[in-house]
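K.L.:
task: produce atomic coordinates for the following.
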Amino acid sequence: MVYFIVGPKVVKGQENTTKAKLTNGVGSNGQAPKMLDLELERFKLGNLDNMMLNYEVIQKLEHQVEVILKKIDKAYTDINPKNTLSKLKVESREHGAEDIDRYLTRFTWDDSKYPRNQALSELLKIMQQKSSTVDNSLRHKIQAYNESRQAAANSQKKEGGSMLNRDLNDLFAENNAVRKEHFVYTDYLTTLIAIVPDSEMKNWEAGYEKLNDYILPRSSMILPIKTDLGRFKLCRFMCFKTCVEDVKQAAKNDLKLFVREYEYNIEVILERESKKSKIGNQTAADEEALSSTCVESFKEIYATYAHVKVLKVVVDAHMRYGSAEDYFVSIISVYKGKDKNIHKMLISAFAEPNKRNMYGTKEELNDAEDFFPYAFALVSIP
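P.N.:
Next up, the predicted model:
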């Protein structure tokens, strides 16, 4: 659902007629318009030149806040694709945290955050500062989370790849069942590791002792690896140090298998275990911090977003009609896909008959901006 904030011209004494036009213009395309009680005379908008200059600032601020909302949306869904901004709450001065629809349709201006007794330029500075504070906090949390994810990805990358060059210390750090007792290193003996496809296990068991006279008989053992290695097993076996290269070459030529040298080092494995644990803990902490920041930032920035949209309509209507007595502001909940229908009906209701072709969306007008016979702001996020 999207929302229209509109400010139509009101002829004195015909307020009810204008409201009826608005309601009829919406028809079955949306929910009945809700009039916003804004106490319009409290806004310090200044003269026409001042409003025109600040209207450009409002448009830039509107874009800035929308970019922040999109940034929150991306970060929040990056954490979990099932996350959605539409389920988050917005902070209301009168009602506390509430869902988006209730917040917008019961909108009241929050003077504690955006005092209307401030000059328009000062009010906009307050909004800009609020937006910048949220943006900076969000950016830092996103950066920390991305760095943690990159560190985790780099760690995972080391664990992947071909078994010919994969760091076995990283692999064994994940598998506590692989122990020092599985490896033998003496002045004369060493332990080698064969990378054996599941389909070649029988050939390996039958043929590895024949690779060289200096291989220790019955020394082959499948290492207890819990990590999924695909269709491979790691088989450790022992041989004399003097024949290592000959054994590796014979395995490659006779059994079409690769054999790697490896020296078990508990200090290195423990260090890798500790590093991976720290990376995992940091990533989880940064993810939780970013998720919390997204929720709190949305709660704050969406309220700013709504205030910017309402202020945009107030200033636009004031420039068009001249005073707070000549217009009112309402919000319309638009049903999906019905926005063009409502604009068409409202243009018909509020435009002079001979000027209706002047109005429409920027796509319809082939122009850079929408142009309607009423002040307008679209609320479409999320």
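K.L.:
okay, and the helix or strand of this structure with the least pLDDT?
P.N.:
Lowest by mean pLDDT, DSSP states H and E among the helices and strands of the chain is helix 168-174, with a mean of 74.
K.L.:
buried stuff in that helix?
P.N.:
For helix 168-174, the neighbour count (16 or more other C-beta atoms under 10 Å) marks 168-173 as buried. Yep, even glycine has a C-beta here, placed from its N, CA and C like the rest.
K.L.:
need the residues you listed in a markdown table with distance to Lys141, can you?
P.N.:
As requested, the buried residues of helix 168-174 are exported to a markdown table (distance: C-beta to C-beta, whole Å):
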| residue | distance to Lys141 |
| --- | --- |
| Leu168 | 36 |
| Asn169 | 33 |
| Asp170 | 29 |
| Leu171 | 33 |
| Phe172 | 35 |
| Ala173 | 30 |
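K.L.:
closest to Lys21 among these?
P.N.:
Nearest to Lys21 out of the buried residues of helix 168-174 is Asp170 (C-beta to C-beta; 70.9 Å).
K.L.:
residues in contact with stretch 107-121?
P.N.:
For stretch 107-121, contacts defined as C-beta atoms under 8 Å, 6 or more residues apart in numbering pick out 36-39, 42-46, 50-51, 54, 57, 92-94, 123, 126-127, 130, 303, 306-307, 310, 315, 331.
K.L.:
Pro115: how many residues sit nearby?
P.N.:
14 (other C-beta atoms under 10 Å).
K.L.:
right, I mislabeled it, should have said Leu234
P.N.:
Leu234: 22 surrounding residues under other C-beta under 10 Å.
K.L.:
with Lys309 instead?
P.N.:
Around Lys309 there are 24 other residues, counting by other C-beta under 10 Å.
K.L.:
my guess is it contacts Phe4. True?
P.N.:
No - the criterion here is C-beta atoms under 8 Å, and Lys309 misses it with Phe4 at 10.0 Å.
K.L.:
any residues in contact with both of these two?
P.N.:
377-379.
K.L.:
just curious, which of those is nearest to Ala32?
P.N.:
Val379 (16.8 Å).
K.L.:
identify the bridge partners of that closest one.
P.N.:
Going by DSSP bridges, Val379 is paired in beta bridges with Tyr3.
K.L.:
what is the burial count for it?
P.N.:
If we define neighbours as other C-beta under 10 Å, then Val379 has 20 of them.
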